[in-house]
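Asker: Just a sequence and a predicted model for now, questions to come.
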Amino acid sequence: MKILEIIKQKLGLDDKDLEKEIDLESVKSMQRHLDDVADELIAEQTRKEQEKLTAENKEWKDKMEKARSRQQQMAKTRAKLRHMKGISPARLMKLRKEGKL
C-alpha cells in the first residue's frame, strides 16, 4: 500500500483522479511529474558520485603527503648541512654559547 501512496504523491494524483478515464492532459501531467522525479534522482546520484570522488582524491592526497614527508625532511636536512658546512666549528661554538643557535 505504501508504494501506491508514493506513486500517487510523485505523480501528483489523488483518489478521485484514479477513478477517471485517462486523457491526454492527465498523461502530460504525469509525464511532467515523472520527469521532475527523474531529474531529482539524477542530481542526487551525481552528487553522491562527486562526494565519492572527492573522498577518494582526499585519501590519495593524504597518502602522497605521508609518503613524501620523509623525502622532504631529508631534503631540508641536506640543505641545512650545505648551509652549515661553510661555518667554522669555532664560530658555531661561540654562537651556541651566546644562545643564538
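Answerer: Sure, I can see it.
Asker: Which secondary structure state is assigned to residue 86?
Answerer: When classified by DSSP: H, G, I helix; E, B strand; the rest coil, residue 86 comes out as coil.
Asker: Give me the helix or strand of this structure that scores worst on average pLDDT.
Answerer: Each helix and strand of the chain was given a mean pLDDT (mean pLDDT, DSSP states H and E); the minimum falls on helix 15-19 at a mean of 67.
Asker: Tell me the predicted confidence for residue 66.
Answerer: In the predicted model, residue 66 carries a pLDDT score of 93.
Asker: swap in residue 2?
Answerer: At residue 2 the predicted local confidence, pLDDT, stands at 74.
Asker: That one - how many residues pack around it?
Answerer: The burial metric for residue 2, expressed as a neighbour count using other CB atoms under 10 Å, is 6. C-betas here are computed from N, CA, C, even on glycine.
Asker: check contacts around it.
Answerer: With contact taken as CB atoms under 8 Å, 6 or more residues apart in numbering, residue 2 is in contact with no other residue.
Asker: Please identify the helix or strand for the residue located most distally from the centre of the chain.
Answerer: Within the chain, the residue lying farthest from the chain centre (CA atoms, centre = their mean) is residue 90, at 54.9 Å. Counting by DSSP states H and E, the element that carries residue 90 is helix 89-98.
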